[in-house]
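> fold the following.
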Amino acid sequence: EIMQSAELGDVLYIVPGTRSGTLSLYPQREFESMARFMDHEPIPDDDALTFQQLFYSMSSRLEMDKQGRVVLSRPMLDRAGMSSEVVLTGAGNHLDLWNKKDHEQFVETNWNRWKDIQHRARAAKKKVESGENGSSRG
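Model prediction:
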């Protein structure tokens, strides 16, 4: 599902990205959905607890101005190792912020594997949807 700009609202949350050296921006609705999912486990194991503590402590709420802009904090950019040249990419239900050189290297490294990556991602999605991974959707 592609989100329309009206669905995004005027609040984003910035969090450490899945890949090292990246930051992710989530619309408020998506961030709250992730938070509900993460908080579902009553007694998390050590790794889950550490993840939650880092994730929440490093998350920041960003309010967009009338032009749809946000101000990113220098400490968060520094922690992620962001330079002055960045690339903002779409990533499904969120946006990822990369150092320009890191993103160029990521594309260069993975471009030749595109067809294989696409095939494996589709196969994994079908497996999850069919419940072959031992769980069912619902």
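
> can you map out the helices along this structure?
5-8, 28-38, 46-57, 74-79, 100-110, 114-130 (DSSP state H).

> mind listing what's buried in the fourth one?
Of the residues in helix 74-79, 76-77 count as buried by neighbour count, 16 or more other CB atoms under 10 Å. Every C-beta, even on glycine, is put in place using the N, C-alpha and C of the backbone.

> what residues does it touch?
14, 16, 23, 58, 60 (CB atoms under 8 Å, 6 or more residues apart in numbering).

> got those as JSON lines, with neighbour count columns?
Listed next are these as JSON lines, based on neighbours: other CB atoms under 10 Å:
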{"residue": "Ile14", "neighbour count": "24"}
{"residue": "Pro16", "neighbour count": "17"}
{"residue": "Leu23", "neighbour count": "23"}
{"residue": "Met58", "neighbour count": "15"}
{"residue": "Ser60", "neighbour count": "15"}
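
> rebuild those residues as a markdown table, extending it with distance to Val87 and pLDDT.
Listed next are these as a markdown table, based on distance: CB to CB, whole Å; pLDDT from 0 to 100:
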| residue | distance to Val87 | pLDDT |
| --- | --- | --- |
| Ile14 | 15 | 93 |
| Pro16 | 17 | 90 |
| Leu23 | 11 | 95 |
| Met58 | 21 | 87 |
| Ser60 | 20 | 91 |
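
> which pair of these spans the longest distance?
Between any two of those, the greatest separation by CB to CB is 10.6 Å, found for Pro16 and Ser60.

> pick out the residue nearest the middle of this structure.
Ser24 (4.4 Å; CA atoms, centre = their mean).

> quick check, Leu95 in contact with Thr22.
No - at 10.2 Å, Leu95 and Thr22 do not qualify as touching, with contact defined as CB atoms under 8 Å.
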